[in-house]
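> Build me a structure from this.
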Amino acid sequence: MIKKLLSTSVVVAMVATSTVSGTAHAFANCPKDPNAKPARTKIVGPSIGKKVQKAFEAYSEDRIDDALSILLAVEASKEYDRAYLDRFIANMYATKGGDHAKKALPYLESSVKNEVLNEKEHADTIKLLADLQMQEKQYKDALKNYAAWMDFTCEEDANTYVKIAQAHYELKQLDKMIEPADKAIALYKEPNQNPYILKLTSYYERKQYKPAVGVLEEVVQLFPENKQWWTQLGMFYTLVEDYKKALYTLDMAYQQGFLEKESEIKMLANLYQQADVPFRAAKLMEKYIDNGLIPRTDANLFTMANAFHAAQEVDTAAKYFGETAKLSNDPKHYRRQGMLLQQSERFDEATVALKKALELGIENQGSVYMTLAEAYFYQEKYSQAAVMIKEAQKDPKTRKAARAWASYIRDTAERKKKLG
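As a prediction, this is how the structure comes out:
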């Protein structure tokens with residue numbers, strides 16, 4: 001889930017209108033001198049200007065290859081003309097996208113190298129360079145140029161800080177993700193989930209679960225309609241072993257219809273069980289096994305049967321232990337069914353289940369024979385009870401108790417016979 005959230009953050013960050021390191025940025029040249037005279041605006045020479053105009057017309061008509069051909073053929077001797085042309089060429093390659101975007105990088109680097117472009121041109125070019133370096137996985141260079149952009153413009157930008165945090169993630173500098181993510185959070189005019197995803201990722205991958213919980217608690221309040229945050233918060237509460245809050249959170253999510261996955265329903269059922277509310281755990285499992293969200297496997301049926309047993313729903317538990325046994329063919333499950341049927345005084349059914357457990361090779365057979373003897377005894381089938389109790393005496397673990405029962409069965413049978 002964390003990886004999925006992170007990938008979503010990356011996509012949103014990359015398509016956003018962009019633009020340091022994860023540490024506080026110094027803005028070495030900021031603030032700018034308000035009394036400084038603006039630099040004179042530069043323009044390309046007349047001959048180059050004509051070719052640029054032809055290239056722009058081709059670009060306006062979506063003939064980008066023609067525009068590139070024109071620009072690439074131009075030779076420029078003046079420093080500003082060369083920087084301007086390189087910037088234009090780079091923008092054409094970036095517009096083409098795909099593998100062509102990589103071709104833009106050297107042209108962008110050339111155009112900003114000597115800071116000869118007009119101020120806005122230079123600022124936009126640095127930002128584009130950093131964005132393309134991010135796209136091409138040149139994360140260290142991207143960080144350097146985001147810092148350069150901030151120094152040059154004396155501006156900060158929320159989307160840029162998201163990208164900075166993302167670059168640190170890609171460089172496995174997880175501890176450096178937090179500060180730019182926090183700066184992004186502070187700069188967004190409306191709450192945005194992306195920097196929270198990055199913070200959560202940083203804490204999670206460093207196994208710092210308590211601060212991760214703090215991030216999620218904030219996010220749930222900001223984006224209560226987003227079901228993924230509720231389930232994530234419930235999961236993280238379990239990681240810090242705060243099961244009470246985990247249950248409260250996931251129960252609220254369930255009431256809002258946010259739990260849609262098998263794993264989420266199972267987690268909630270498990271939390272009910274841990275909180276000594278086994279009936280709710282059992283009914284939850286039953287509902288979602290019946291509707292097919294949770295597969296009707298022996299493991300899932302066993303979990304549900306155990307919950308019904310813990311809730312003292314003996315007949316229902318016996319029913320589901322029986323279904324479990326049919327799927328698993330495990331003698332232990334037949335034994336559990338038989339014991340519960342015995343408890344409910346459904347002796348005929350109990351003997352069937354217990355005999356099946358013996359047939360399948362149950363361990364500790366003495367105790368099963370003891371239970372069978374009791375089942376026959378309470379049905380006043382004393383001869384069958386005597387046979388079972390004799391078998392129970394063969395097991396060292398039940399021998400002593402079986403001998404006492406054998407005498408009692410024999411004495412009771414004789415008394416009933418005399419009375420009959």
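> Which pLDDT does the model give Ile48?
Model confidence at Ile48, given as pLDDT, is 87.
> which residues touch it?
By CB atoms under 8 Å, 6 or more residues apart in numbering, the contact set of Ile48 is Val74, Ala76, Asp81, Tyr84, Leu85. Where C-beta positions appear, they are placed from N, C-alpha and C, glycine not excepted.
> Neighbours of the third one, how many?
The number of residues packed near Asp81 is 21, by other CB atoms under 10 Å.
> check contacts around it.
Val44, Gly45, Ile48.
> quick check: longest helix of this structure.
helix 399-419 (DSSP state H).
> Can I get that helix as CSV, trimmed to CA atoms?
In CSV, the C-alpha atoms belonging to helix 399-419 read as follows (Å, rounded to 0.1, in the frame of the first residue of the first chain):
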residue,chain,number,x,y,z
ARG,A,399,-5.8,-45.0,31.8
LYS,A,400,-6.4,-43.9,35.4
ALA,A,401,-9.6,-41.9,34.6
ALA,A,402,-10.8,-44.6,32.2
ARG,A,403,-10.6,-47.3,34.8
ALA,A,404,-12.7,-45.2,37.2
TRP,A,405,-15.3,-44.6,34.4
ALA,A,406,-15.3,-48.3,33.5
SER,A,407,-16.4,-49.2,37.0
TYR,A,408,-19.1,-46.5,36.9
ILE,A,409,-20.4,-47.6,33.5
ARG,A,410,-20.5,-51.3,34.6
ASP,A,411,-22.2,-50.4,38.0
THR,A,412,-24.8,-48.2,36.2
ALA,A,413,-25.5,-50.8,33.6
GLU,A,414,-26.1,-53.5,36.2
ARG,A,415,-28.4,-51.2,38.3
LYS,A,416,-30.4,-50.2,35.3
LYS,A,417,-30.8,-53.9,34.4
LYS,A,418,-32.0,-54.7,37.8
LEU,A,419,-34.4,-51.8,37.8
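> helices and strands around that helix, which ones?
helix 365-378, helix 382-392 (3 or more CB pairs under 8 Å, 6 or more residues apart in numbering; DSSP states H and E).
> Mind listing what's buried along the last one?
Along helix 382-392, the positions that meet the burial threshold by neighbour count (16 or more other CB atoms under 10 Å) are Tyr382, Ala385, Ala386, Met388, Ile389, Glu391, Ala392.
> same deal with the first one?
Of all the residues in helix 365-378, those buried under the rule 16+ other CB under 10 Å are 365-377.
> helices and strands of the chain: which one bottoms out on pLDDT?
In the chain, the helix or strand scored least confidently by mean pLDDT, DSSP states H and E is helix 2-15, which has a mean of 43.
> Give the next helix or strand downstream of it.
Using DSSP states H and E, the helix or strand that directly follows helix 2-15 along the chain is helix 46-60.
> List the buried residues of that next one.
Quick answer for helix 46-60 (16+ other CB under 10 Å): Ile48, Lys51, Val52, Ala55, Ala58, Tyr59.
> Do you know the pLDDT at Val20?
37.
> now do Thr17
pLDDT, Thr17: 32.
> now do Pro31
72.
> Does it touch Cys154 like I think?
Yes: judged on CB atoms under 8 Å, Pro31 makes contact with Cys154 at a distance of 5.9 Å.
> So for those two, which sits in the more crowded spot?
Set Pro31 next to Cys154 and count neighbours by other CB under 10 Å: Cys154 wins out with 12 against 7.
> Now that one, what are its backbone angles?
phi 60, psi 30 (degrees, to the nearest 10).
> hang on, the earlier thing: please identify the buried residues of the longest helix of the chain?
Those would be Ala402, Trp405, Ala406, Ile409, Ala413, for helix 399-419 by 16+ other CB under 10 Å.
> same thing with stretch 328-341?
Those would be 328, 330-341, for stretch 328-341 by 16+ other CB under 10 Å.
> Need the residues that contact that stretch.
298, 302, 305, 309, 314-315, 317-318, 321-322, 324-325, 347, 349-354, 356-363, 368, 371.
> now the strands for the stretch 151-300 of the chain?
For the stretch 151-300 of the chain, strands defined by DSSP state E, counting those that start in this stretch do not occur.
> Can you list the low-confidence ranges for it?
Judged against pLDDT under 70, the stretch 151-300 of the chain has no low-scoring part.
> how about the helices in it?
158-170, 178-187, 193-205, 209-222, 227-239, 243-255, 262-274, 278-290, 298-310 (DSSP state H, counting those that start in this stretch).
> counting contacts, what elements does the second one pack onto?
Looking back up the chat, that one is helix 178-187. helix 158-170, helix 193-205.
> Who are the packing partners of the first one?
Taking 3+ CB pairs under 8 Å, 6+ apart as the contact definition, the neighbouring helices and strands of helix 158-170 are helix 2-15, helix 119-135, helix 139-153, helix 178-187, helix 193-205.
> now the shortest one and helix 193-205, what's the angle there?
Spelled out, that is helix 178-187. 150 degrees (axes from the mean of the first three to the mean of the last three CA atoms, to 10 degrees).
> Which positions within helix 178-187 qualify as buried?
Ile178, Glu179, Pro180, Ala181, Lys183, Ala184, Ile185, Leu187.
> Output those residues as TSV; include the columns distance to Tyr161.
Listed next are the buried residues of helix 178-187 as TSV, based on distance: CB to CB, whole Å:
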residue	distance to Tyr161
Ile178	11
Glu179	9
Pro180	4
Ala181	7
Lys183	5
Ala184	4
Ile185	9
Leu187	7
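> Out of those residues, which two are the most distant from each other?
Across the buried residues of helix 178-187, the longest distance by CB to CB is 15.1 Å; it joins Ile178 and Leu187.
> Of the helices and strands packed on helix 399-419, give the one that comes closest to Asn226.
helix 365-378 (52.7 Å).
> Which other helices and strands does that closest one contact?
helix 331-343, helix 347-359, helix 382-392, helix 399-419.
> correct me, but Ser111 touches Thr125?
Yes: assessed by CB under 8 Å, Ser111 is found in contact with Thr125 at 5.5 Å.
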